[in-house]
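In: task: produce atomic coordinates for the following.
(chains A and B)
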Protein chains: 2
Amino acid sequence: MRISALIIDYLLRMYFTLKIFNQQPKKFSKRLAKQITNYTLGAKMAKKQIDIPSSETLIDRLKLEDLLKRRFFYDQSFAIYGGVGGLYDYGPMGCALKQNMIQLWRTHFILEESMLEVECSSLTPEGVLKTSGHVDRFVDWMVKDKITGACFRADHLIKNNAEAILKVNFYSDKKAPVNIKKELEEVLIRLDGMSCDELGETIRKYKFKSPLNGNDLTDPVSFNLMFPTQIGPTGDFSAYLRPETAQGIFINFKRLLEFNQGKLPFAAAQIGTGFRNEISPRQGLVRVREFTMCEIEHFVDPADKSHPKFDRVADIELNLFSACNQLNGKGTEKVKICDAVANGIVDNETLGYYMARTHLFLCNVGISPDKLRFRQHLSNEMAHYAKDCWDAECLTTHGWIESVGIADRSCFDLHQHSKATGVKLVAEKKLSESKQVDIVEAVPNKAVIGKLFKNESRKIMDILKNLSDSEIDELEISLKNNGEYSIKISDDKSIILDSSHVEVRKYLKTVHVEDVTPSVIEPSFGIGRVMYAVLEHSFRQREGDEKRSYLELPPNIAPIKCSILPISANKRLDPIIQAVREELTRHEISSKIDDSVGGSIGRRYARTDEIGIPFGVTVDFDSEKEPWTVTLRYAPTMQQIRLKVAEVGDLVSQLIKGKMTWEAACQKFPIFNASQDNE
Amino acid sequence: MRISALIIDYLLRMYFTLKIFNQQPKKFSKRLAKQITNYTLGAKMAKKQIDIPSSETLIDRLKLEDLLKRRFFYDQSFAIYGGVGGLYDYGPMGCALKQNMIQLWRTHFILEESMLEVECSSLTPEGVLKTSGHVDRFVDWMVKDKITGACFRADHLIKNNAEAILKVNFYSDKKAPVNIKKELEEVLIRLDGMSCDELGETIRKYKFKSPLNGNDLTDPVSFNLMFPTQIGPTGDFSAYLRPETAQGIFINFKRLLEFNQGKLPFAAAQIGTGFRNEISPRQGLVRVREFTMCEIEHFVDPADKSHPKFDRVADIELNLFSACNQLNGKGTEKVKICDAVANGIVDNETLGYYMARTHLFLCNVGISPDKLRFRQHLSNEMAHYAKDCWDAECLTTHGWIESVGIADRSCFDLHQHSKATGVKLVAEKKLSESKQVDIVEAVPNKAVIGKLFKNESRKIMDILKNLSDSEIDELEISLKNNGEYSIKISDDKSIILDSSHVEVRKYLKTVHVEDVTPSVIEPSFGIGRVMYAVLEHSFRQREGDEKRSYLELPPNIAPIKCSILPISANKRLDPIIQAVREELTRHEISSKIDDSVGGSIGRRYARTDEIGIPFGVTVDFDSEKEPWTVTLRYAPTMQQIRLKVAEVGDLVSQLIKGKMTWEAACQKFPIFNASQDNE
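Out: Numbers count the residues shown, from 1 in each chain, chains lettered A, B, ... in the order given. Have a look, this model is predicted:
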């Protein structure tokens, strides 16, 4: 590791020394270029701004990737057809791991908070996504190689280039001009909020070229990240695959509110697939085109964003990287969530509650707390309607990756959909005391309208009912001055009304409730990214035997909980193996028998360690003595204890559920000293 | 019901009397037309051919649909935008019901048989679906209204028209010519296998018109049912949304076989979304454009399709509707699956095993056995490569709907993908005795080729390795006669080899294994359809109070297992309510407290019955006596028993798991006589 780092470092210097003075760089092999990129992204440069822990905490990614592929956790989709970038298939181990994580998410959030779970369509009509802003604004800026036409994401290209240049300076004595360094640091900080023009200007200014061959690049053009399709046979019904599951919840708001008997606050949740047509996905599971999201939309009175259960999480300390600290070049700070809310760093209790709950969930599934931070969005990267937004980021060899976004979206989405459809998306709020309000109404003469306009009368009535106060004023003035008022009932038809059809009434009314458009707090999880970070954080190599790598997955999410390994293929052991299997099944513990006679017990342990099976039962010839006993091995420590077969299920069950620690089990049962692990 | 049936019957007669003599029918309102179609589809006509039980078993669909919409089991997606045909959103109740069914499916199939679960991409490159045959053959035939352009599925249009005409005759004395009736019956039987020409001919012959307005229709044209899209920014990478999850498994066959240590048989399974761009979806959840599939691909030696666990299901009786019986106009027959396999009605044990297991699953989730049949595909509706195929069909008001397909797909898919990619998709089979085989090899001279062709040498070696026997013969002849042999290493480059580069070797080899391409048995579940059928089969109306409808869902799939209803809003009952809640949570039983003071206890019972909550705890003022007691009510019978709070969790848990019947519980605990149910 140390040596390869030095070599790569040297190559990087050479490459960028040439590059920064705008000479054509030597032709690098693609593989080397990739290695450099990988290394750069995961490295510890720019320590000051982005607060990366030292490189000791980073793992050997190639080894991990080899393990995950070989044991089929996941791999590129359609591999036998050459594969497709950004698409991955989960094999039996990855599928079980992901399912376990989702099940835990469901328990931790949906059950715990009695959320309303829904499942909505992926296919989404264009009109809906026009309203939500995705058709116009869900774009990335892309530059093209002027010669080959290869496409790159403009911001990624700038980031990789700038980081690489800074990195060379970080190690090198021969520093590039200090002003360039300063500028590029500034560029990195502002990057997420840059406009098309700024991106283009940056690329031109620093003469960034195609990373593949040094060719010139075009100016950035926008590229919409949604996958387009058509619904039905006529070809004129445009639709997209949803880029997020959230819109399905907003669209069903009215029904969900009814389901909740009209009461605020409440939360709805959805677990489902999102699709984003990434320009040139790299980085494995981190940047993919199809992914599972777990999203919560918590609807709350905008005037009261307190949370009834906030007290339960108030003292939890989070690693906060506030906007302020990012701009001042400071690092993260450990802050109790109650203090962060009290000081106004985090906007409100509900947002803070979900941040703390997210922290608990992530640690629970195996994210290292020291590789987890909550980064606040800068005002220029936040949507204009958002009040506050924090990303839970996990440190991996790809750098800090955004795994969860927790945003206060205010009432933007409900408001937009309401405006587009004419359907009121509001909740009734009881007033603390009743009040008098001025009512202005356009009252139709139903009998006359019905008789005169027949089929169209319903439409006319609807339009009159939904007029805004200012429109009613207009109507009143028009009736008075012109004796008529025109309303548009379709794109190509207007109807003239006079005072025999409609009159304006004004009066005072006592009201006890008022309509409010709820604010929405949205925690949004990218399960694939969380899973990838968990895999990196749980990857270990045995000290003194680094080839022997394994996954120290938390038992609650491990794909298989317990292995059963007979020490010999002798048939005499079969009844004991069967008894262990039944004992585990009775306790609903998934198990895997590895009775391959080819491998020594040590090699078989290694094989089960590799896929993160935390516990292993070994059946040996001492097992035959009545009452039957076996050894139970804990993979991370390789320690073994000896216990009765009849005790195995209960103990493993308690260990998985976290009701007992391994240390306590070692106190309770005799330690078994085995030498087989090194065989 | 009886009266509305008579009215519809009368209208139908009127409509088709006009129609059959080719007069322009009167203008029917769309709503009436729909009612007629619904009625026709679900009715008991054509009793002889398609074996529909009498109409008493059919439910009031409008009432059920009202319930499902009102309590948000599911509803049309994007309803506030006007809705999209064939897309549905599941609300909290539907979502929980579906999740429970899927979880049960996972236990019943994946865990029970130790299947390898995978999760593959929905986005699928065109090339893959070209190989599988979907690009060319996954089409429906569509006719268009010549004037409005409205599209209809040709076969559905014929079916609806033919059934309607037959139905008129069924009720009417004024029979249409017997020969037309006979012909149309014949048409219905042959419909699924009809070619484009036959469909067009049928429509012309019987002068079928647009069902909406009687307009003339075009000849059928093909319409591909896959949703097209593009991957990546360049616009030249065509892809589709997968129409089935199966292909993802075939593509990963090699890895899955490795994961299974090279051994056959094994099964892989996938639970995921499939997409089909239906031409004009109707019939609610029965025909949708986006749906959850649960698919199994069981890979087995084609020479031995026995199943090790067949004995366990051998005596299960299935309702079989064989191809033979369909053609002979006979009905279904109850047959033990062992007899069906022995007699050759069902092709093999593995297929029969999955049919029986499917039967058990469906009955377990609430399908009525008397509304379930297995219909064999006729040879003209089966894919040319399929060996045998049976659909599990459930009787609903939409007629018999195909809910599960169980097919022996032979080795077609693996063979196709192997041919397209050049990747061997085979398993090694141990020979009972070793044999001698002729080996013909093109042996490259690696050193010479490597030196001469450098980067291309690897490619050349690969091509030589993969030459077929006949190609090697060609090579040998060419080298002998011409002194050279040309191989194509890319679309626009060939390379000339001579005898210094390659030689042909022939020899005898003793082999102990042979390669086999496994056959695939595929059970494929449409979970939405099964769920819809379950909802129809569990829909009940209280005798004497038909307005009060409810769902008698099996407790294992009910969205919520137990309600908690305090008889009064008096705060004194709160600690008892809380104790019950905790008692249930301790036993992992989902519960719902309904303490709305507005409703009488009877109305609240009705509300929980409606959403299929099987058990209800009532807390009353007798509950306060120590030790606290409550009543437990079983929704289908409305009976109540009285027991201690501390006994509730264990009892309900046993009732849900089917370890105790309600009758047995009534024996064990005192019956509580309440009059509240009728309040």
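In: tally of neighbours for A:Ile576?
Out: Other residues near A:Ile576 number 20, with proximity taken as other C-beta atoms under 10 Å in any protein chain shown. C-beta here means a position set from N, CA and C on the backbone, and glycine is covered the same way.
In: please tell me how far it sits from B:Arg204.
Out: Per C-beta to C-beta, to the nearest Å, A:Ile576 is found 74 Å from B:Arg204.
In: same deal with A:Ala314?
Out: When C-beta to C-beta is the yardstick, A:Ala314 and B:Arg204 sit 76 Å from each other.
In: A:Leu327 too?
Out: Distance, A:Leu327 to B:Arg204, using C-beta to C-beta: 75 Å.
In: show me where the stretch 1-150 of chain A has its strands.
Out: Counting by DSSP state E, counting those that start in this stretch, one finds strands in the stretch 1-150 of chain A at the ranges A:74-76, A:88-90, A:116-118, A:123-125, A:139-144.
In: revised request: answer the last question for the stretch 351-500 of chain A.
Out: So, for the stretch 351-500 of chain A - with DSSP E, counting those that start in this stretch - the strands run A:372-376, A:388-396, A:399-408, A:427-444, A:485-490, A:493-497.
In: between the first one and strand A:388-396, how big is the angle?
Out: Taking axes from the mean of the first three to the mean of the last three C-alpha atoms, to 10 degrees, one finds strand A:372-376 and strand A:388-396 inclined to each other by 150 degrees.
In: paired strands for strand A:372-376, with orientation please.
Out: The pairing partners recorded for strand A:372-376 under DSSP bridges are strand A:317-321 (parallel), strand A:388-396 (antiparallel).
In: pick the most buried one from those.
Out: Among the strands paired with strand A:372-376, strand A:388-396 has the highest mean neighbour count (mean count of other C-beta atoms under 10 Å in any protein chain shown), at a mean of 24.
In: redo the strands of the stretch 1-150 of chain A as JSON lines? Include mean pLDDT, mean neighbour count and distance to chain B.
Out: Listed next are the strands of the stretch 1-150 of chain A as JSON lines, based on pLDDT from 0 to 100; neighbours: other C-beta atoms under 10 Å in any protein chain shown; distance: least, C-beta to the nearest C-beta, whole Å:
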{"stretch": "strand A:74-76", "mean pLDDT": "96", "mean neighbour count": "19", "distance to chain B": "7"}
{"stretch": "strand A:88-90", "mean pLDDT": "97", "mean neighbour count": "25", "distance to chain B": "4"}
{"stretch": "strand A:116-118", "mean pLDDT": "97", "mean neighbour count": "25", "distance to chain B": "4"}
{"stretch": "strand A:123-125", "mean pLDDT": "97", "mean neighbour count": "24", "distance to chain B": "6"}
{"stretch": "strand A:139-144", "mean pLDDT": "92", "mean neighbour count": "20", "distance to chain B": "6"}
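In: before we move on, the earlier item: let me have the strands paired with strand A:372-376 in JSON lines, extended by mean pLDDT.
Out: Formatted as JSON lines, the strands paired with strand A:372-376 follow (pLDDT from 0 to 100):
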{"stretch": "strand A:317-321", "mean pLDDT": "97"}
{"stretch": "strand A:388-396", "mean pLDDT": "97"}
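In: contact partners for whichever residue of the stretch 501-650 of chain A sits closest to chain B?
Out: Proximity of the stretch 501-650 of chain A to chain B (C-beta to the nearest C-beta) peaks at A:Ser596, 7.3 Å away. Residues near A:Ser596 by C-beta atoms under 8 Å, 6 or more residues apart in numbering or on different chains: A:604, B:261.
In: again with A:Glu317
Out: Applying C-beta under 8 Å, 6+ apart, the residues near A:Glu317 are A:334-337.
In: low-confidence regions, the stretch 151-300 of chain A specifically.
Out: A:168-176 (pLDDT under 70).
In: contact residues of it facing chain B?
Out: A:151, A:223, A:227-234, A:241, A:248, A:251-252, A:254-256, A:258-259, A:261, A:273, A:275, A:277, A:279-280, A:289-290 (C-beta under 8 Å from any C-beta of the partner chain).
In: now a PyMOL select for only the buried ones of those.
Out: Of these, the buried ones go into a single PyMOL selection, burial set by 16 or more other C-beta atoms under 10 Å in any protein chain shown:
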select buried, chain A and resi 151+223+227+229+230+231+232+233+241+248+251+252+254+255+256+259+273+275+277+279+280+289+290
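In: wait, what's in contact with the residue nearest to A:Gly83 when sequence neighbours are not counted?
Out: Using C-beta to C-beta, 6 or more residues apart in numbering or on different chains and skipping the chain neighbours, the partner closest in space to A:Gly83 is A:Gln76 (4.0 Å). By C-beta under 8 Å, 6+ apart, the contact list for A:Gln76 reads A:83-84, A:87-89.
In: just checking, A:Glu297 touches A:Ser519?
Out: No. Counting by C-beta atoms under 8 Å, A:Glu297 does not reach A:Ser519; the two are 10.4 Å apart.
In: among those two, which residue is more densely surrounded?
Out: For A:Glu297 versus A:Ser519, the count of surrounding residues by other C-beta under 10 Å is larger for A:Glu297: 30 against 25.
In: what's opposite the more buried one in the beta bridge?
Out: Beta-bridge partners for A:Glu297, by DSSP bridges, are A:Ala268.
In: now stretch A:65-83: buried residues?
Out: Under 16+ other C-beta under 10 Å, the buried positions of stretch A:65-83 are A:67-68, A:71-81.
In: what's the weakest-modelled helix or strand in chain A?
Out: helix A:30-42 (a mean of 34; mean pLDDT, DSSP states H and E).
In: need the contact list for the residue lying closest to A:Phe259 once chain neighbours are set aside.
Out: Spatial nearest neighbour of A:Phe259, chain neighbours left out: B:Phe72 (5.3 Å); criterion: C-beta to C-beta, 6+ apart. Counting by C-beta under 8 Å, 6+ apart, B:Phe72 touches A:255-256, A:258-259, B:91-94.
In: narrow these to those in helices?
Out: A:255-256, A:258-259, B:92-94 (DSSP state H).
In: out of these, who's nearest A:Cys411?
Out: Closest to A:Cys411 out of these is A:Leu256 (15.6 Å), distances taken as C-beta to C-beta.
In: ok, the closest one touching B:Tyr90?
Out: No. Using C-beta under 8 Å, A:Leu256 is not in contact with B:Tyr90, being 12.0 Å away.
In: give me every residue that touches the spatially most central residue of chain A.
Out: What sits nearest the mean C-alpha location of chain A, by C-alpha atoms, centre = their mean, is A:Gly526, with 2.4 Å. Applying C-beta under 8 Å, 6+ apart to A:Gly526 gives the contacts A:291-293, A:402-404.
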